[in-house]
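K.L.:
Based on what follows, work out the 3D shape:
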Amino acid sequence: MITIFVICARKTQKNLHSNEILIVKIIMDFKCSVGECLESITWQCDCPEKLKFCLTHSKEMSNHSRLKKCHTVNIKEKCLGILADHYKNALNHFESDCIKLTQEMIYEINNCLNDNWNYLQKKKKEINDLILSEQNDKADTIVNWVNTLNILQREKNQYYLSVRQLLGIDNANIKIVTDLEKLEDNLKILKKNFQESCEKINGLEKEFINSNENNKKLSDELEDTKKNLAQENKYRFSVEEFKKVLSNLNGSDGFKIILTRLDLQDFLPIFIEGNKVIDKALITNDNNYVFICEI
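P.N.:
Sure thing, here's the model as predicted:
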């Protein structure tokens, strides 16, 4: 079994909340002993009372020393050092949390490594058994499978960024994470815009196909109309020409041929299908009607 070295986290006896309370207590202890003065102290006497004095109350300190026959010591730097240590305890607590989180990640990586190691040991034993049983082709299959994994070529940048996002606390790491989040947001927007563009293009393609079909239909109808007009024009002539043609016709069959070509209303069912014999045909003075006389 392979084991990755794991850092041991330092334990702190006080949590963050209790440390803040302790800092407030220390600040109050470092205040001047005169009345309700809240200024920071500079001296402390060596008598049992251990009174503390600020620069403002130097006179009170001198009076106390003469009365009690005690001496005063400058403790400002000592007090500030103690206060700084207690402030740093908050960072120590956070440092412990960082180490704890890192331990958890290392533990998971270690488990993954051990799983891979155990799996490869099984494959090695399997290859050994295959070679001994002269099944080299199956052993080649396992080797080819391993060669296709290319584990060192796998994408690691995304993992590195994820680790920074999880563990990073300084501005550089925060900027990396922020830039990554912006890139991911931009990628989502680009994917959405791309999908919308594809849908729009598909819609335009369908409209284009429909337009082509409609245009072809209209084109075919236009060609049919042109053919019909050309056919009609073959038999179209002026009223005077028509009158002249009628005056030169003799016999019912001649009238039927000309009048059939004109496609006159009710002519076919009455005279052709009814097999009527036409004597003559006359056009009214307004040229709107044709009178056909039958025998």
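
K.L.:
what distance separates the start and the end of stretch 283-294?
P.N.:
15 Å (Cα to Cα, to the nearest Å).

K.L.:
avg pLDDT for it?
P.N.:
Regarding stretch 283-294, the rounded mean pLDDT is 71.

K.L.:
count of neighbours near D286?
P.N.:
6 (other Cβ atoms under 10 Å). C-betas here are computed from N, CA, C, even on glycine.

K.L.:
what stretches of the stretch 51-200 of the chain score poorly on pLDDT?
P.N.:
Within the stretch 51-200 of the chain, the stretches with pLDDT under 70 are 171-180.

K.L.:
Helices of that one, start to end?
P.N.:
Counting by DSSP state H, counting those that start in this stretch, the stretch 51-200 of the chain has helices at residues 58-68, 76-132, 136-149, 157-167, 171-234.

K.L.:
Take the ones you listed and lay them out in JSON lines including distance to C293 and mean neighbour count.
P.N.:
Formatted as JSON lines, the helices of the stretch 51-200 of the chain follow (distance: least, Cβ to Cβ, whole Å; neighbours: other Cβ atoms under 10 Å):
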{"stretch": "helix 58-68", "distance to C293": "149", "mean neighbour count": "14"}
{"stretch": "helix 76-132", "distance to C293": "110", "mean neighbour count": "13"}
{"stretch": "helix 136-149", "distance to C293": "101", "mean neighbour count": "11"}
{"stretch": "helix 157-167", "distance to C293": "100", "mean neighbour count": "13"}
{"stretch": "helix 171-234", "distance to C293": "26", "mean neighbour count": "11"}
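
K.L.:
Need the ones you listed in JSON lines (columns: distance to Y289).
P.N.:
Shown next, in JSON lines, are the helices of the stretch 51-200 of the chain (distance: least, Cβ to Cβ, whole Å):
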{"stretch": "helix 58-68", "distance to Y289": "137"}
{"stretch": "helix 76-132", "distance to Y289": "102"}
{"stretch": "helix 136-149", "distance to Y289": "94"}
{"stretch": "helix 157-167", "distance to Y289": "91"}
{"stretch": "helix 171-234", "distance to Y289": "20"}
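
K.L.:
my guess is C79 contacts C32, does it?
P.N.:
No - C79 lies out of contact with C32 (Cβ atoms under 8 Å); the separation is 11.8 Å.

K.L.:
Name the residues contacting each of those two.
P.N.:
Common neighbours of C79 and C32 (criterion: Cβ atoms under 8 Å, 6 or more residues apart in numbering): S40, I41.

K.L.:
Could I get the contacting residues of N228?
P.N.:
So N228 contacts nothing (Cβ under 8 Å, 6+ apart).

K.L.:
how close does it sit to I131?
P.N.:
87 Å (Cβ to Cβ, to the nearest Å).

K.L.:
same question, I292
P.N.:
According to Cβ to Cβ, I292 and I131 sit 110 Å apart.
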